[in-house]
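# Predicted model follows, preceded by the sequence.
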Amino acid sequence: MVYFGKVDFGIGGNPTDNILVLSFVHEGRGWKYDTAEFVNLSNLLGVRKQIQGGDLSYVDGVAFLPDGKRPSQPIVVKRAKYIAKVYAFCPGRDVRVSVNRISRHRFQDIQHSEVVVGGAGDGRNEIFYTIKDVPGYIGKDPLTIRVYLFSQINGVKPVKVFQYQVEKGEVPHAKGSSFFNVDGAVARKVLLGK
């Protein structure tokens, strides 16, 4: 289901017309809510005016159609040794990130962070990402993908363990893979604050 209008998440401010996509899955005897995606149109003012004018061709595209596949069952993960978050700043872009092939994240035209399912472990941790422009986006804004580890000790700042950054005017790679290591020095910063 695609909704266009003012989306108020109750965080203050003055909501503007944007897109909210709600997905449902049929289980057992009925339909159940699955996911929600918020599409911020602040960088796509032409698209916003087009929809406000009654032209729905933007939301009639393939990107907004259900794929007809049942979501896969989440895998069971062991307790995380290190609390991790993936952060993205991606104006005008659709960024998908996978950490350790378990935690999958999608960021679309937003500045946001999400908890990494399964966290990070000692040693090598893998990260994969894809980047593409949101339909209608014309620009060369900066872009950043980061992974932070968080301590459970009050006052200890997060430790940045991965960063992919593109400066304004540069073109990001369409996809990439890398890794970050959690060694003894990083573990001490996170676990002991030293």
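Here it is on my side, so go on.

# Please count neighbours and contacts with C-alpha atoms only from this point.
Will do.

# quick one: low-confidence ranges for this protein?
71, 74 (pLDDT under 70).

# Find the residue at the geometric middle of it.
With distances taken as Cα atoms, centre = their mean, the residue of the chain nearest its centroid is residue 107 (2.8 Å).

# How about that one: what's its closest non-neighbour residue?
Nearest non-adjacent residue to residue 107, counting by Cα to Cα, 6 or more residues apart in numbering: residue 95, 5.1 Å away.

# Relative to the centre of the chain, find the outermost residue for me.
residue 29 (31.6 Å).

# Can you list phi and psi of that one for me?
Dihedral angles of residue 29 (phi, psi; degrees, to the nearest 10) stand at phi -100, psi 10.

# before we move on, what about residue 63?
According to degrees, to the nearest 10, residue 63 has phi -60, psi -20.

# quick one, helices of this structure?
Under the criterion DSSP state H, the chain carries helices at the ranges 45-52, 184-192.

# so which of those helices gets nearest residue 38?
helix 45-52 (13.8 Å; Cα to Cα).

# So for that closest one, what gets flagged as buried?
Using 16 or more other Cα atoms under 10 Å as the test for burial, helix 45-52 gives 47-48, 51.

# Looking at those, which is nearest residue 126?
residue 47 (36.2 Å).

# Good, we can wrap up now.
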